[in-house]
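Participant: when you get a sec, could you give me coordinates for this:
(one chain, ligands or ions: 1)
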Amino acid sequence: MSADKKDTASMEKLVSLCKRRGFIYQSSEIYGGIGGFWDYGPLGAELKRNLREAWWRTMTRDREDVVGLDATIIMHPKIWEASGHTATFADLMRECTLTNKRVRADHVDPQSGTIIQFSGAQSPTGWKIARTIQVLIKNGEHIESFRKRVRQLIAQNAGDAAGKPEEIELLDETKLDTVEISVDFHPESGAALGPARPFNLMLKTYVGPTATEADVAYLRPETAQAIFAQFKNVLDSSRVKVPFGICQIGKAFRNEVTPKNFTFRSREFEQMELEFFIKPDEAIEIIHGAVAPWSESADLSEPQPNWGWEMWHRYWVDQRTKFYASIGLGTDVLDYYWQTNDDLAHYARACVDILFKFPFGTEELEGIAARGDFDLSQHQKHSGRPQEFFDDELKAAAAKLSDDQKEALIQKRLAAEASKTKGEPLPEPAVRAWFERLFKGNYVPHVIEPSAGLDRLALAVLSLAYNEVEKTDDKGKTETLTIMRFHPSIAPIKVGVFPLVKNKPEIVAKARSVYNALKKHLNCFYDETASIGRRYARQDEAGTPFGVTIDFDTLGEKGPELLDTVTVRERDSAAQHRVPIADLLPWLLARI
Ligand SMILES: Nc1ncnc2c1ncn2[C@@H]1O[C@H](COP(=O)(O)OP(=O)(O)OP(=O)(O)O)[C@@H](O)[C@H]1O
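Facilitator: So this is what the prediction gives:
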């Protein structure tokens with residue numbers, strides 16, 4: 001079996017387990033589903049909640065320099081004009097001339113002309129038609145009449161497996177296999193694709209009574225802009241000082257052209273974003289004489305006052321990597337893509353994508369960008385409201401500079417502007433005006449933005465946890481069991497509580513009392529049906545890291561030394577421990 005096939009198979013198994021065990025269901029499934037939307041079932045909801053809480057805790061409660069925000073999904077449409085989303089938040093796509101279905105233009109390999117990513121139903125007939133037309137082109141035959149006929153057949157629904165167009169049958173199968181599948185044909189229908197056109201990904205709605213263009217609003221395509229839009233309010237209402245961050249978790253919506261790979265690319269998803277506001281490097285230079293230089297051996301453990309954007313950016317890449325390690329995603333399953341100058345937006349100084357090795361390929365989990373002061377400056381310009389921070393430390397330091405020192409800083413910046421390879425250089429009067437504000441202690445903060453997707457993280461965690469083991473019973477019968485090896489801190493259920501038998505009232509009563517005591521602190525599941533082995537297996541599939549069994553020994557039937565002790569089974573090693581009920585909660589908490 002090829003690697004690809006194996007990976008597809010493991011993805012299929014994961015999707016089926018997610019449905020069977022209640023992690024993830026297709027949205028609106030009873031009506032045939034709706035593309036790009038997914039619901040989380042009982043186990044999935046717990047898993048997602050644990051991931052969300054882990055992120056929130058590391059961002060806010062574990063630190064002193066980040067505060068939270070919970071903003072609305074629909075905001076003033078001018079926000080999206082200022083951020084550039086209205087004009088440019090678009091994918092290039094190509095439309096099927098027959099069905100109007102779209103594929104992303106960048107999902108087509110320009111070299112081979114093959115569609116490299118396609119999530120729709122790849123109808124064998126559609127591919128066959130596309131290949132057939134290719135053969136005809138190769139053979140120099142006139143294809144228009146053939147194409148017309150094929151379109152008619154498809155339109156009449158005769159192009160499916162039940163009634164293949166006879167032309168296809170006339171072609172030599174071996175010839176077909178030598179032909180690359182062309183981009184110019186939609187894989188579902190086999191019809192030609194139109195030229196690449198931009199397609200805005202924002203979902204439109206109306207707010208107001210007229211429901212006309214005047215009332216158009218958008219479902220936010222990212223959570224970040226709300227943070228920028230509320231920057232001033234947070235600054236004025238909390239005791240924060242630059243450097244500090246504002247974080248938010250919430251829904252985002254994108255009308256993705258081709259939602260695919262299960263929840264990986266959805267149309268409704270949740271983001272976890274931080275905007276970490278820092279001083280411009282020039283301010284650091286004025287206050288501290290120099291900006292701390294970045295090197296591979298730089299100590300990133302504790303932020304330092306003389307850090308410029310580069311150290312802060314590296315620091316956040318390091319912090320986010322540590323976060324992933326804390327929930328079981330080590331560097332062996334992650335990768336990093338440092339965007340090149342060509343990839344970067346004109347205002348961005350650096351951006352690294354943290355990638356995860358999904359079964360369908362190594363893909364983006366999170367992006368960490370150094371965005372300069374672009375976003376706040378845009379909102380300052382479009383709203384007419386100042387988005388500056390007043391830095392008294394900077395003002396005091398600048399007051400000590402001589403005119404020559406100030407001019408040297410200005411000249412350095414002018415030289416940097418002149419050597420810009422992207423975007424328009426800031427004209428000299430604007431640079432001088434900016435420094436004038438800076439020397440008085442005022443600046444629009446720069447920002448480092450770690451932006452992660454909660455659904456992609458849940459998918460990463462699910463695909464990493466998925467394991468199959470072969471188990472042979474006493475009678476020599478072998479079966480394949482699934483074990484979801486979640487890190488205990490994010491597992492949906494932490495403890496399964498099992499009375500060994502259900503027909504002994506003392507055991508059942510003890511088990512219920514253990515369950516009632518634990519469930520105040522941990523998400524527990526009580527199960528008394530089927531054999532103990534079956535019950536363990538059920539919890540292995542749910543990813544429950546610990547199973548607690550109350551048995552005859554718990555009642556002291558084998559001797560007083562085991563009275564009020566239980567067996568704790570570990571999911572991953574199947575190791576069993578005898579633990580007194582009195583110590584059970586601290587024993588479990590220490591391991592979760
Ligand atoms: N359609 C989506 N479905 C699920 N998660 C998404 C989707 N789009 C973005 N995300 C998540 O939000 C994060 C930040 O969004 P960002 O705009 O940087 O993504 P992006 O670079 O557009 O992603 P991609 O290149 O995969 O489309 C991504 O790293 C990802 O985890």
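
Participant: where does the chain dip in pLDDT?
Facilitator: The chain contains residues with pLDDT under 70 at 1-9, 97-99, 107-192.

Participant: now it against the ligand: closest residue?
Facilitator: Gly453 (2.3 Å; C-beta to the nearest ligand atom). In short, each C-beta sits where N, CA and C put it, glycine included.

Participant: partners of that residue in the sheet?
Facilitator: Gln271 (DSSP bridges).

Participant: kindly report the residues of the stretch 101-250 of the chain close to the ligand.
Facilitator: Taking C-beta under 6 Å from any ligand atom as the contact definition, the stretch 101-250 of the chain meets the ligand at Glu222.

Participant: so Lys322, which of the three states?
Facilitator: helix (DSSP: H, G, I helix; E, B strand; the rest coil).

Participant: same thing with Pro586?
Facilitator: Applying three-state DSSP: Pro586 is helix.

Participant: wait, doesn't Lys48 sit right on Leu459?
Facilitator: No. Judged on C-beta atoms under 8 Å, Lys48 makes no contact with Leu459 at a distance of 10.5 Å.

Participant: distance of the residue positioned nearest the centre of the chain from Phe435?
Facilitator: Centroid-nearest residue in the chain, with C-alpha atoms, centre = their mean: Gly453, separated by 2.4 Å. Going from Gly453 to Phe435 by C-beta to C-beta, to the nearest Å gives 39 Å.

Participant: just to revisit the earlier point, the residue of the chain closest to the ligand touches Glu268, doesn't it?
Facilitator: No. The criterion here is C-beta under 8 Å, and Gly453 misses it with Glu268 at 11.7 Å.

Participant: so what sits against both of those two?
Facilitator: Common contacts of Gly453 and Glu268 (C-beta atoms under 8 Å, 6 or more residues apart in numbering): none found.

Participant: who in this protein is up against the ligand?
Facilitator: 222, 254, 256, 265-266, 269, 271, 364-367, 451-453, 455-456.

Participant: what subset of those is buried?
Facilitator: Buried members of those, scored by 16 or more other C-beta atoms under 10 Å, are 222, 254, 256, 265-266, 269, 271, 364-367, 451-453, 455-456.

Participant: among those residues, which ones are in strands?
Facilitator: Using DSSP state E, the members of these that fall in strands are Phe269, Gln271, Glu364, Leu365, Glu366, Gly367, Ser451, Ala452, Gly453.

Participant: can I get the residues you listed in a markdown table with distance to Lys502?
Facilitator: Shown next, in a markdown table, are those (distance: C-beta to C-beta, whole Å):
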| residue | distance to Lys502 |
| --- | --- |
| Phe269 | 42 |
| Gln271 | 45 |
| Glu364 | 48 |
| Leu365 | 44 |
| Glu366 | 46 |
| Gly367 | 52 |
| Ser451 | 50 |
| Ala452 | 44 |
| Gly453 | 43 |
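
Participant: quick one: which of those is nearest Arg61?
Facilitator: Ala452 (17.7 Å; C-beta to C-beta).

Participant: contacting residues around that closest one?
Facilitator: Contacts of Ala452 by C-beta under 8 Å, 6+ apart are Trp55, Gln271, Met272, Glu273, Arg320, Leu365, Glu366.

Participant: and if we set it to 6 Å?
Facilitator: Ala452 is in contact with Met272, Glu366, counting by C-beta atoms under 6 Å, 6 or more residues apart in numbering.

Participant: relative to Ala399, how far out is it?
Facilitator: Ala452 is 41 Å from Ala399, by C-beta to C-beta.

Participant: equivalent analysis for Ser573, please.
Facilitator: Taking C-beta to C-beta, one finds Ser573 at 65 Å from Ala399.

Participant: which of those two has more residues huddled nearby?
Facilitator: Ala399 (11 against 7; other C-beta atoms under 10 Å).

Participant: give me the phi and psi angles of the spatially closest residue to Phe360 that is not a sequence neighbour.
Facilitator: In space, and not counting its chain neighbours, Phe360 is closest to Asn261: 5.1 Å by C-beta to C-beta, 6 or more residues apart in numbering. Note on Asn261: its backbone torsions stand at phi 50, psi 60 [degrees, to the nearest 10].

Participant: wait, doesn't Leu219 sit right on Arg254?
Facilitator: No. With contact defined as C-beta atoms under 6 Å, Leu219 and Arg254 do not form a contacting pair (8.9 Å).

Participant: can you show me the strands along the stretch 401-550 of the chain?
Facilitator: Assigned by DSSP state E, counting those that start in this stretch, the strands in the stretch 401-550 of the chain fall at 442-443, 446-453, 466-472, 478-484, 495-499, 524-526, 546-550.

Participant: residues contacting Arg248?
Facilitator: Residue 248: Gln, not Arg. Leu69, Thr223, Ile227, Glu273.

Participant: got a list of what the second one touches?
Facilitator: Right, Thr223. Gln248, Gly250, Ala252, Gln271, Glu273.

Participant: repeat that for 10 Å
Facilitator: By C-beta atoms under 10 Å, 6 or more residues apart in numbering, the contact list for Thr223 reads 69-71, 73, 247-252, 270-273, 275, 451.

Participant: helices or strands up against the helix or strand harbouring Gln319?
Facilitator: Assigned by DSSP states H and E, Gln319 belongs to helix 309-326. Here helix 309-326 touches helix 42-56, strand 268-278, helix 281-288, strand 334-338, strand 350-358, strand 361-372, strand 446-453, helix 454-465, going by 3 or more C-beta pairs under 10 Å, 6 or more residues apart in numbering; DSSP states H and E.

Participant: at 7 Å instead, please
Facilitator: Applying 3 or more C-beta pairs under 7 Å, 6 or more residues apart in numbering; DSSP states H and E, we find helix 309-326 packed against strand 268-278, strand 350-358, strand 361-372, strand 446-453.

Participant: show me which residues of it are buried.
Facilitator: For helix 309-326, using 16+ other C-beta under 10 Å, the buried residues are 309-317, 319-321, 323-324.

Participant: beta partners of Cys247?
Facilitator: For Cys247, the beta-bridge partners are Gly68, Leu274 (DSSP bridges).

Participant: ok, it touching Gly68?
Facilitator: Yes. Cys247 is in contact with Gly68 according to C-beta atoms under 7 Å; the separation is 5.7 Å.

Participant: looking at these two, which has the bigger crowd around it?
Facilitator: In this view Cys247 and Gly68 are compared by other C-beta under 10 Å, and Cys247 has more residues nearby, 22 against 15.

Participant: OK, contacts around that one?
Facilitator: Neighbouring residues of Cys247 by C-beta atoms under 7 Å, 6 or more residues apart in numbering: Met59, Thr60, Val66, Gly68, Glu273, Leu274.
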